[in-house]
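Peer 1: quick one, fold the following:
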Amino acid sequence: MPLLNLEFYANLSEDERLDRIGALIAKAVVLYRKDRQRAGHPEAGEEGKAKRVISLADLVQDEVEKMMLQYFEKVGSATPKSVCAALNLSRRTVTRKLARLRTGGFLVTTGNTRLVSYELADRQQAN
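Peer 2: As a prediction, this is how the structure comes out:
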């Protein structure tokens, strides 16, 4: 299997391509910051200045996905059913957005089928 299948990306619209690029850049930024923090490098502006903490929700443009990431930042782990109830969203929308956030590297799953639950990818890596 080739590392990059260009035929897959040829069928995407320009908006879908830009969304994918944004998700990859956001994931790269998060991983870069974690690596720098583990290596003990100070963040830019740490010398006596208050630094702004960036939430994962700041890295996505879609408002529903922002709400979902903020929800996961508060509760940690959740099932699709609990996300539907908490955010008053349809099951179909939640399923579609969870799959998109998982593909973008923001969420990871535990369990399967009916027992599946989602949590932020960075929280699982911290454990």
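Peer 1: where do the helices sit along the chain?
Peer 2: For the chain, the helices identified by DSSP state H occupy 6-10, 14-38, 63-75, 80-87, 91-103, 121-126, in order along the chain.
Peer 1: reformat these as CSV; add distance to Thr113.
Peer 2: C-beta here means a position set from N, CA and C on the backbone, and glycine is covered the same way. As requested, the helices of the chain are exported to CSV (distance: least, Cβ to Cβ, whole Å):
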stretch, distance to Thr113
helix 6-10, 27
helix 14-38, 26
helix 63-75, 20
helix 80-87, 11
helix 91-103, 13
helix 121-126, 20
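Peer 1: residue contacts, the closest residue in space to Leu101 that isn't next to it in sequence?
Peer 2: Counting by Cβ to Cβ, 6 or more residues apart in numbering, Leu101 lies nearest to Leu107, which is 4.6 Å off, once chain neighbours are set aside. Residues in contact with Leu107, defined by Cβ atoms under 8 Å, 6 or more residues apart in numbering, are Phe72, Leu98, Leu101, Tyr118, Glu119, Leu120, Ala121.
Peer 1: quick one: which of these is nearest to Arg36?
Peer 2: Within the set of the contacts of Leu107, Ala121 lies nearest Arg36; the separation is 17.6 Å, counting by Cβ to Cβ.
Peer 1: how far away is the spatially closest residue to the closest one that is not a sequence neighbour from Leu98?
Peer 2: Distances taken as Cβ to Cβ, 6+ apart place Val108 nearest to Ala121, at 4.9 Å, with adjacent residues excluded. Taken as Cβ to Cβ, to the nearest Å, the spacing of Val108 relative to Leu98 amounts to 11 Å.
Peer 1: quick one on the thing from earlier: pick out the lowest-pLDDT one from the contacts of Leu107.
Peer 2: By pLDDT, Ala121 ranks lowest within the contacts of Leu107, coming in at 86.
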